[in-house]
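1. here is my input, please return the structure:
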Amino acid sequence: MIHFRSIMLMLSVTFIGGCASEPSAPAIVPGADIPKFQDYGDFGGDFQLTDHNGEVFRLEDQRGSVTLIFFGYTFCPDACPTLMSKLTTVFNMLDLPEEHPVKTLYITIDPERDSPEQMKEYLQYFSTIDVLGLTGTEDEIDDVVMQYGASYEKVEGGTAAGYLMNHSTWLYLIDQQGKLRYRFRHADEPEFVAAGLKKIFE
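-> Numbering: from 1, shown residues only. The predicted structure follows:
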């Protein structure tokens, strides 16, 4: 069943290969070397979930730090591990100083399987990234998905995992004041993402 609550702010989504391709992002200018940050209006905002250590996580506690947000799940066969590998490359490129912290939040859209313990074990494979897995109840997850204009759909199928979760693959850039400033596309190159992170600290 498609979660219409979480897609009411989106015009269209085409699901492919266990994940979803996004519509064209109006903030991206073809050929630009760096993103042009935008005001996303009512998108984004603070939320509270449970982190992979079993502790309460509040986005408002990240004020002063830059945050990247991605919606995915640990059984994802393609887009999620690809994104995490890309971020490894991005942070290797940047080599940011300690005074410019960037926290990555991996928010599951599959709380049925993604317990804090499951997320913690999965994210250990990406230990070079400062990443925190977040989970919660289905309603809590849906609220955050809707806040950020993301989407997902549970697809029953004959896989070893039992089912797949089609989902949008935006990477959201949150500035030091907790404001959504940019949405990177899954197809954006690591150099483009790195350029955006550098610019946010200017």
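2. mind listing what the residue nearest to Gly44 when sequence neighbours are not counted touches?
-> Once flanking residues are discounted, Gly44 sits nearest to Leu180: 3.0 Å by CB to CB, 6 or more residues apart in numbering. Where C-beta positions appear, they are placed from N, C-alpha and C, glycine not excepted. Applying CB atoms under 8 Å, 6 or more residues apart in numbering to Leu180 gives the contacts Tyr40, Phe43, Gly44, Gly45, Tyr148, Tyr172, Leu173, Ile174.
3. and what about the residue nearest the centre of the chain, helix, strand or coil?
-> Centroid check for the chain by CA atoms, centre = their mean gives Phe70 as the closest residue, at 0.7 Å. Assigned state for Phe70: strand (three-state reduction, DSSP: H, G, I helix; E, B strand; the rest coil).
4. quick check: beta-bridge partners of it?
-> Phe70 has these beta-bridge partners by DSSP bridges: Tyr106, Leu171.
5. distance of it relative to Lys154?
-> Computed as CB to CB, to the nearest Å, the Phe70 to Lys154 distance reads 18 Å.
6. near Val155, how many other residues are there?
-> Using other CB atoms under 10 Å, Val155 has 12 other residues around it.
7. same check on the one 10 residues further on?
-> Burial measure for Met165: 25 neighbouring residues, criterion other CB under 10 Å.
8. same check on Asp143?
-> Residues near Asp143, counting by other CB under 10 Å, number 16.
9. once you drop chain neighbours, what's closest to Gln176?
-> Gly64 (5.5 Å).
10. do Ser115 as well
-> Ser115 sits nearest to Thr135 (CB to CB, 6+ apart), 6.8 Å away.
11. swap in Thr67?
-> Nearest to Thr67 is Ile174, by CB to CB, 6+ apart, at 4.0 Å.
12. list just the nearest of the contacts of Leu180 to His186.
-> The shortest approach to His186 among the contacts of Leu180 belongs to Tyr172, at 12.3 Å (CB to CB).
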